[in-house]
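Colleague: I'll drop the sequence and a predicted model, then ask my questions.
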Amino acid sequence: MKQAPKIDDLSREPLVSKLFKAMETMALINSTTDFNHLINLILKATREVMGVEASSLAQIDFSTNKLFFSHAVGGSKKVKNIRLGIGEGIAGHAASTKQPMIVNDVSASEYHYKDADRETHFITRRIICVPLVVRDMVIGVIQGLNKIGGSPFDDIDLKLFTAFANQVTVALENARLYNLAVYDGLTGIFDRRYFNAWITTEYARVKRYDTQLSFIMMDIDHFKQVNDTHGHQAGDYVLKTLSALIKDRIRKSDLFARYGGEELVLVLPETEMKVAIGLAERHRKLIENTDFNFNNQKIPVTISLGVSSYQDTPEETVDKFIEHADKMLYLAKESGRNRVQPCMPKK
């Protein structure tokens, strides 16, 4: 009687190895809701699972109905400069037909966008391409380029990559919906609704265990003047750039959110007032010393900040606690702007 092969023997088979790798990757993919990290995981897995030199993800910009290559691994980053109409190029053709496809000789393909290689200086020989479809709507296209070793893509590759892409689509859509629910669409930081839910829970914990919690409320000075002078697109640019600058400099345990309009809040768990004041002052100086340039015009930007701390001004409700920082922000603006105003301890 013939014995069944051992798992160790099976894992040496190329197809089974790919399946194992795909399953391992999906476990990682389904564990993250960070959109950029998710896509990087997907493209790294595409290279490893499909055994290709490079991989890329093209998304559809629904305002222009064009594909843009938002992420690429292994090839040239210049692919991000390329825009394709639906139906244009191999990726555009896959998007228009909603069908996966293999092109084992791109030089002979009627669909190949020849300017792509000239733009990127990457030699594309073979492509496997699968559209990402959500509720019968194409949201993007995922590609593997040039099988390592030079062999052609085959039907098994297409079936495996299509199954992988289908799972990827679900993960991307879940991440997109999660991000819509908790992140502000313009700045990319947490939105007011998520902040309200988070601070309510955190404040209850702080009250119960009598720990430290500091709160910074900040506002962009003369923001209406920025919009009136330079236009609302300039105002959006300032908000996005300023938010990114601060977001890159906070701890993972801190919560940074858009409170409303040009008001932003930063919550600092386990942080005393003295430290919070120092952080607020660093953020103030950072913004003051940053050049904000929009359409070749320099926009002067400063912020005013109000700071409160639970240990200095404990309150029964979280709304009352937030009110202290709000009042300090108002005082900072009334006192000349571009300054940090801490809340004085209760006597």
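Modeller: Perfect, thanks for sending it.
Colleague: quick check: next helix or strand after the longest helix along the chain?
Modeller: The residue-count maximum for a helix in the chain (DSSP state H) belongs to helix 155-182. For helix 155-182, the succeeding helix or strand toward the C-terminus, using DSSP states H and E, is helix 192-209.
Colleague: pull out the buried positions in the longest helix of the chain.
Modeller: Buried positions in helix 155-182, judged by neighbour count with 16 or more other CB atoms under 10 Å: 157-158, 160-161, 164-165, 167-169, 171-172, 175, 179, 182. From N, CA and C alone the C-beta is placed, and that goes for glycine too.
Colleague: closest to V141 out of those residues?
Modeller: Nearest to V141, judged by CB to CB, of those is A165 at 9.1 Å.
Colleague: what's the pLDDT at that closest one?
Modeller: For A165, the pLDDT comes out at 89.
Colleague: quick check: closest non-adjacent residue to it.
Modeller: The shortest distance from A165 to any non-neighbouring residue, by CB to CB, 6 or more residues apart in numbering, is to V130 (4.0 Å).
Colleague: would you confirm that the one you found contacts P100?
Modeller: Yes - using CB atoms under 8 Å, V130 is in contact with P100, at 4.2 Å.
Colleague: domain boundaries for this protein, per the record?
Modeller: With domains defined by automatic domain parsing, the chain comprises 7-175, 192-342.
Colleague: reformat those as TSV; add distance to L186.
Modeller: Formatted as TSV, these follow (distance: least, CB to CB, whole Å):
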stretch	distance to L186
domain 7-175	15
domain 192-342	6
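Colleague: and these, which one's lowest on average pLDDT?
Modeller: Looking at these, the bottom one is domain 7-175 with a mean of 84.
Colleague: restricting to C-alpha, output stretch 91-101 in PDB.
Modeller: C-alpha atoms of stretch 91-101 as PDB (Å, rounded to 0.1, in the frame of the first residue of the first chain):
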ATOM      1  CA  ALA A  91      -4.200  47.000 -16.700                       C
ATOM      2  CA  GLY A  92      -6.800  49.200 -18.300                       C
ATOM      3  CA  HIS A  93      -8.000  46.400 -20.500                       C
ATOM      4  CA  ALA A  94      -8.400  44.100 -17.500                       C
ATOM      5  CA  ALA A  95     -10.300  46.900 -15.700                       C
ATOM      6  CA  SER A  96     -12.700  47.400 -18.600                       C
ATOM      7  CA  THR A  97     -13.400  43.700 -19.200                       C
ATOM      8  CA  LYS A  98     -13.400  42.800 -15.400                       C
ATOM      9  CA  GLN A  99     -11.500  39.700 -16.500                       C
ATOM     10  CA  PRO A 100      -8.000  38.400 -15.400                       C
ATOM     11  CA  MET A 101      -5.500  38.000 -18.100                       C
END
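Colleague: pull out the buried positions in that stretch.
Modeller: Using 16+ other CB under 10 Å as the burial criterion, the residues of stretch 91-101 that qualify are 91-95, 100-101.
Colleague: next one: stretch 339-346
Modeller: Here stretch 339-346 shows 339-343 as buried, counting by 16+ other CB under 10 Å.
Colleague: spatially, which two of the buried residues of stretch 91-101 are the most separated?
Modeller: G92 and P100 (14.0 Å).
Colleague: correct me if wrong: S243 contacts L264.
Modeller: Yes - with contacts counted by CB under 8 Å, S243 reaches L264, the gap being 6.8 Å.
Colleague: residues shared between the contacts of these two?
Modeller: When contacts are counted by CB atoms under 8 Å, 6 or more residues apart in numbering, S243 and L264 are jointly contacted by 187, 189, 256, 258.
Colleague: what is the nearest of those to G85?
Modeller: Distance to G85, by CB to CB, is smallest for T187 among the shared contacts of S243 and L264, at 30.4 Å.
Colleague: in the sheet, who's paired with V307?
Modeller: Legend: beta-bridge partners of V307 under DSSP bridges are I216, P342.
Colleague: that one: what's it in contact with?
Modeller: 214-216, 273, 276-277, 280, 325, 328, 340-343.
Colleague: could I have the buried ones of the shared contacts of S243 and L264 as PyMOL selection syntax?
Modeller: Burial among these is assessed by 16+ other CB under 10 Å; the matching PyMOL selection reads:
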select buried, resi 187+189+256+258
